[in-house]
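Q: Can you look at this prediction? I've put the sequence above it.
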Amino acid sequence: MAKLKKEIQAVAAEIVDAADFIDPQEQIKILRQLRAIREQTAPKIVEALQSQVVTEGISKEIVLAMTIRDFLEKFHTMDNPTLNKLVIPLRKQLSRNGLAYVIELAKLTPKQAFKLEGIGPKRVRYLRRYLQTFGIDFGMNVDEETHTRIFERIKDQHCKKEAGTL
């Protein structure tokens with residue numbers, strides 16, 4: 001599997017390098033084909049991640065109430081080295097942008113996520129993949145009752161942490 005992945009990366013690098021020597025019409029055609037491949041593979045990646053998450057039995061509400069740090073740390077327990085290597089820098093950038101909880105992240109639209117300092121298209125794609133693994137996505141509307149329960153859970157967690165430091 002690792003050998004196949006390296007071959008795919010090498011071919012992709014060759015395509016990027018060759019793009020300068022191809023006319024614009026051909027570039028557009030290649031870009032469409034690559035996007036089609038990405039659209040086919042993205043659901044399979046999310047499905048593979050979700051199969052690992054289902055065994056843990058975590059509800060959306062619990063995930064939304066999690067700190068971003070805890071949420072991203074979950075991926076260290078999964079066998080996803082490609083995703084895991086981005087976890088720590090991503091977590092740092094999100095905290096620099098004042099995002100502490102998953103619910104704050106889920107309320108952002110993808111455009112707002114792109115505007116965050118230090119968060120580019122690749123990181124937004126990975127974040128979306130993380131969120132979709134747990135059945136959450138950017139721009140998620142949370143009804144008022146669920147919103148209240150989530151913030152009560154966050155408040156409880158905060159109180160428990162404060163009590164534990166006494």
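A: Thanks, I have the structure now.

Q: In this structure G118 contacts Q93, no?
A: Yes. Between G118 and Q93 there is a contact under Cβ atoms under 8 Å: 4.0 Å. Where you see a C-beta, it was placed from the backbone N, CA and C, and this is true even at glycine.

Q: Who has more neighbours out of those two?
A: Neighbour comparison, G118 and Q93: the larger count goes to Q93, with 16 against 12 (by other Cβ atoms under 10 Å).

Q: pLDDT below threshold where in the protein?
A: Along the chain, the parts satisfying pLDDT under 70 run over 1-2, 45-58, 75-88, 158-166.

Q: Where do the domain boundaries of it fall?
A: With domains defined by automatic domain parsing, the chain comprises 1-55, 58-166.

Q: from the chain's centre, how far out does the last one sit?
A: Spelled out, it's domain 58-166. Counting by Cα atoms, centre = their mean, to the nearest Å, domain 58-166 is centred 9 Å from the centre of its parent chain.

Q: repeat for stretch 31-41
A: Put simply, stretch 31-41 sits 19 Å off its chain's centre (Cα atoms, centre = their mean).

Q: neighbouring contacts of it?
A: Applying Cβ atoms under 8 Å, 6 or more residues apart in numbering, the contact partners of stretch 31-41 are I15.

Q: dump the residue contacts of the closest residue to G120 other than its chain neighbours.
A: What sits nearest to G120 in space, not counting adjacent residues and going by Cβ to Cβ, 6 or more residues apart in numbering, is F114, at 7.6 Å. Counting by Cβ under 8 Å, 6+ apart, F114 touches G120, P121, V124.

Q: Centre-most residue in this protein?
A: Central residue of the chain (Cα atoms, centre = their mean): L127, 1.7 Å from the mean position.

Q: where's it, which helix or strand?
A: Using DSSP states H and E, L127 falls within helix 121-133.
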